[in-house]
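>>> how does the following fold in three dimensions:
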Amino acid sequence: MNTIKLNYSVHDLVIGRTIFDCADDLDVEIPTSCQRKGKCHECIVEITKGMSSLSPNSEFESFLRGNFRLACQAEIVSKIEPVEFTPLRRRPKILTSINVGIDKKCFDPSVREINGRVVRGSDDLGPFKKVILGLVIDLGTTTVVIEFVNLLSGEIIRTCSFENPQRFGGSDVMHRITYDQNDNRGELQQAVCAAINQEIINGCKVLKISRHTIYEIVVAANTTMRDMFFKIDVQTIGQKPYKSVVENEFDIGVRSGTALMERARAIGLLANPSALVYGLPLVSCHVGGDLAAGLLSLDKSLAELNTVMLVDMGTNTEVFLKHRGRMVVASCPAGPAFEGGLIKYGMPAYDGAVESLKIGRDISELFFNTVGGIEPQGFCGSGLIDLLSEFRKNEIMTEKGVFTTDKKMFEHVVFPEQGITFSKEDASNLGQAKAANYCGQVIIMRELGVNPSDIDRLYLSGGFAHHINIDSAINIGLLVPAHRERIMQIGNTSLAGARAVLLSQTKRHLLENLVKNIEHVELETTPDFFELFVDGCQFKPMPNEIIKK
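Numbers count the residues shown, from 1 in each chain. Below you'll find the predicted structure:
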């Protein structure tokens, strides 16, 4: 299991030692490239307990807020209380991706070997040394997934994932946009770039190859994550009409498209000096290259079926619908609730996270599974969906998130031995996250005159959506009630589509043209958006009839 423990406790406090020293004693991996001098800003940890035992923030930590510290700077100055810390580079359960195999008809990577030389078009990049590598990076708000791909064969030779270390700047894109300005500008980019570089170093060491054999990198990300990664100012994305600098330049004809290309060295990635980084094109506003990549991985269904919906669930959910040749998309700012944020005992999919749950004949009888098979430590998203659905089916909670036994009751004890509870506040936060997903699906179905029964195929993409119980999701109104046999969980389509772009110049051009024909629907401008949102906060199924025909 590719996970590490969430919190590390330091009970034997020694005055003068840093959190980094304690991490060494606990054999905890914390990245650094400045020899612990506070300059690289890579060793960020979250102090979950014991801030009063630590020194005040140093000048090197002025960019940090709340309980985030640099491990090399946070020094133990008293023994008031034990210290607990959490590294930001944690490893969740690896996101799955669909592996559609290599399309030999379109296998034409831009970098190849000819007569013992590595070439890109007419450019000679140097002598061929055993292998030509490409990287695919799915840069999500919450997690980052990387694939090492052999560009000679198309084979995936290594996959790794980790929690996005940009969390110190906020759990969603709007908070990170606000953070990434003035003196903090560039800190988030450096943090995730350093984490990716560490994975490149580790991967190349395991594979026993040089990082100089990496010649091309493809990045799939939402608009904010992508532009920030490419060192582009993201402030315009946080203000109406929520368009990036790149999209604005495309609209006025300065650019021919919204894809990006930059040298790896300019971004700060460790690769061949001639390596290029390709950022997948945007659709519109907050709908970025991750959704675009997902559509590319479904190109056959889009061509053959009349009505296709794709729901890419996450901190920023994106909903796509194609009906009778017309294509529309909406961005749903769901927030981090279903990925562990804002929930007292919520957590990402690390060891100990409850990922599935059923209530037996007695409400105290629980059947559940945790990641790693250990005792419960909290709930990840799929477990929270099951919990809500079971609470509704067993009439423990009303559709408005109120406990039935006592309307004034604040929380329900789920796991008494571990002290794990679920509260009305938790339900409220989940209800608002669900409402964002609800509104996105309902509004674009109304836009194209589609009812749930009209959908020929409903695809659920993303690591979170891959693990949810579909019936539970439908029961609480998180997912449109399409015919059950037409709903498919297909894993990380963003990663799969980005891999297709890495391996095919033909598909790259296809995608760049495809996104230009997709209409964006701004949910907040819908006249009855507020009423829909309030309705969507309730834990009940979506209506089977969206459009009266």
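
>>> all strands for the stretch 251-400 of the chain, in order.
Using DSSP state E, counting those that start in this stretch, the strands of the stretch 251-400 of the chain run over 260-263, 276-279, 307-312, 317-323, 326-332, 353-359, 366-370, 378-379.

>>> now do the fourth one: everything it contacts.
What that stands for is strand 317-323. 222, 287, 290-291, 294-295, 302, 306-312, 327-332, 334, 436-437, 440-441, 444-445, 447-450, 454, 518 (CB atoms under 8 Å, 6 or more residues apart in numbering). In this view, the C-beta of every residue, glycine as well, is placed from N, C-alpha and C.

>>> the spatially closest residue to R324 that is not a sequence neighbour: what's it in contact with?
What sits nearest to R324 in space, not counting adjacent residues and going by CB to CB, 6 or more residues apart in numbering, is N306, at 6.4 Å. Counting by CB under 8 Å, 6+ apart, N306 touches H323, R324, D456.

>>> min pLDDT across the residues you listed, which one?
Across the set of the contacts of N306, R324 stands lowest in pLDDT, at 91.

>>> for it, give me its contacts.
R324 touches N306, T307, L448, counting by CB under 8 Å, 6+ apart.

>>> in stretch 325-335, what's buried?
Residues M327, V328, V329, A330, S331, C332, P333, A334, G335 are the ones in stretch 325-335 that count as buried (16 or more other CB atoms under 10 Å).

>>> could I get the average pLDDT for it?
The predicted model assigns stretch 325-335 a mean pLDDT of 89.

>>> what's it in contact with?
171-174, 283-287, 291, 313-321, 341-342, 429, 432-434, 436-437, 439-440, 443-444, 447-448, 517-523.

>>> can you tell me which of the contacts of strand 317-323 are buried?
222, 287, 290-291, 294-295, 302, 307-312, 327-332, 334, 436-437, 440-441, 444-445, 447-448, 450, 454, 518.

>>> what ranges do the strands span in the stretch 51-200 of the chain?
68-70, 83-87, 111-114, 117-120, 123-127, 133-139, 143-150, 156-163.

>>> now the ones you listed as a markdown table including mean neighbour count, distance to G50 and mean pLDDT?
Output for the strands of the stretch 51-200 of the chain, formatted as a markdown table (neighbours: other CB atoms under 10 Å; distance: least, CB to CB, whole Å; pLDDT from 0 to 100):
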| stretch | mean neighbour count | distance to G50 | mean pLDDT |
| --- | --- | --- | --- |
| strand 68-70 | 24 | 11 | 91 |
| strand 83-87 | 22 | 3 | 89 |
| strand 111-114 | 16 | 50 | 95 |
| strand 117-120 | 17 | 52 | 96 |
| strand 123-127 | 12 | 51 | 95 |
| strand 133-139 | 27 | 32 | 96 |
| strand 143-150 | 23 | 27 | 94 |
| strand 156-163 | 19 | 22 | 91 |
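
>>> adding distance to S494, write these out as JSON lines.
JSON lines is the format used below for the strands of the stretch 51-200 of the chain (distance: least, CB to CB, whole Å):
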{"stretch": "strand 68-70", "distance to S494": "28"}
{"stretch": "strand 83-87", "distance to S494": "25"}
{"stretch": "strand 111-114", "distance to S494": "22"}
{"stretch": "strand 117-120", "distance to S494": "25"}
{"stretch": "strand 123-127", "distance to S494": "28"}
{"stretch": "strand 133-139", "distance to S494": "5"}
{"stretch": "strand 143-150", "distance to S494": "9"}
{"stretch": "strand 156-163", "distance to S494": "13"}
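
>>> out of these, flag the one nearest Y8.
strand 83-87 (5.7 Å; CB to CB).

>>> now do R69 against F162, distance only.
Separation of R69 from F162 (CB to CB, to the nearest Å) stands at 19 Å.

>>> pLDDT score for K208?
95.

>>> then P31?
Looking at P31, its pLDDT is 77.

>>> in contact with the nearest residue to it once chain neighbours are set aside, which residues are there?
Spatial nearest neighbour of P31, excluding adjacent residues (CB to CB, 6+ apart): E42 at 4.5 Å. Counting by CB under 8 Å, 6+ apart, E42 touches P31, T32, S33, C34, Q190, A191, A194, A195.

>>> one more time with 10 Å
Going by CB atoms under 10 Å, 6 or more residues apart in numbering, E42 touches 30-34, 70-72, 88-89, 165, 190-191, 193-195, 197-198.

>>> on the three-state scheme, it is what?
Classification of E42 using DSSP: H, G, I helix; E, B strand; the rest coil returns coil.

>>> switch to numbering from 33
Fine by me, first position is 33 from now on; the one you just mentioned is E74.

>>> in helices, which of the contacts of stretch 357-367 fall?
Cross-referencing the contacts of stretch 357-367 against helices under DSSP state H gives 205-206, 323, 461, 464-466, 468-469, 471-472, 475-476, 479-480.

>>> before we move on, back to that, now the residue nearest to P63: how far from L292?
E74 is 25 Å from L292, by CB to CB.

>>> repeat for D215
26 Å.

>>> which of those two has more neighbours?
L292 (20 against 8; other CB atoms under 10 Å).

>>> ok, that one to A253 distance?
From L292 to A253 the distance is 10 Å (CB to CB).

>>> ditto for V181
On the measure of CB to CB, V181 and A253 end up 18 Å apart.

>>> equivalent analysis for C364, please.
For C364 relative to A253 (CB to CB), the value is 17 Å.

>>> residues contacting Q409?
Counted by CB under 10 Å, 6+ apart, Q409 has contacts 37-39, 377, 379, 382-386, 402-403, 447, 450, 452.

>>> also F399?
S388, L389, K390, I391, G392, E422.

>>> how about JSON lines for these, with neighbour count added?
Output for the contacts of F399, formatted as JSON lines (neighbours: other CB atoms under 10 Å):
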{"residue": "S388", "neighbour count": "18"}
{"residue": "L389", "neighbour count": "24"}
{"residue": "K390", "neighbour count": "17"}
{"residue": "I391", "neighbour count": "20"}
{"residue": "G392", "neighbour count": "11"}
{"residue": "E422", "neighbour count": "20"}
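
>>> re the thing from before, lowest pLDDT pick from the contacts of R356?
For the contacts of R356, the least confident entry is N338, with 93.

>>> is it true that L543 touches L312?
Yes. Under the criterion of CB atoms under 10 Å, L543 makes contact with L312 at 7.0 Å.

>>> overlap in contacts of those two?
By CB under 10 Å, 6+ apart, the residues touching both L543 and L312 are A291, G321, A324, A325, L328, G529, A530, V533.

>>> show me this structure divided up by domain.
Listed by automatic domain parsing, the domain ranges of the chain are 40-119, 136-318, 323-367+462-568, 370-457.

>>> thinking again about what came up before, most neighbours out of the shared contacts of L543 and L312, which is it?
Busiest of those [other CB under 10 Å] is A530, holding 35 neighbours.

>>> show me what contacts that residue?
129, 167-171, 177, 179, 181, 249-253, 310, 312, 321-322, 324-326, 328-329, 524, 543.

>>> and if we set it to 8 Å?
V168, I169, D170, V250, V251, A252, L312, G321, A325.

>>> any idea how far it lies from E517?
Distance from A530 to E517, by CB to CB: 29 Å.

>>> same question, C471
26 Å.

>>> more crowded one of the two?
C471 (24 against 6).

>>> looking at it, the more buried one is touching L564, isn't it?
Yes. Between C471 and L564 there is a contact under CB atoms under 8 Å: 5.1 Å.

>>> which neighbours do the two share?
T558.

>>> how close does C66 get to F52?
12 Å.

>>> more neighbours: the two, which one.
Using other CB under 10 Å as the criterion, C66 and F52 rank with F52 on top: 19 against 13.

>>> for the more buried one, which non-adjacent residue is spatially closest?
That would be A103: by CB to CB, 6+ apart, it lies 4.1 Å from F52.
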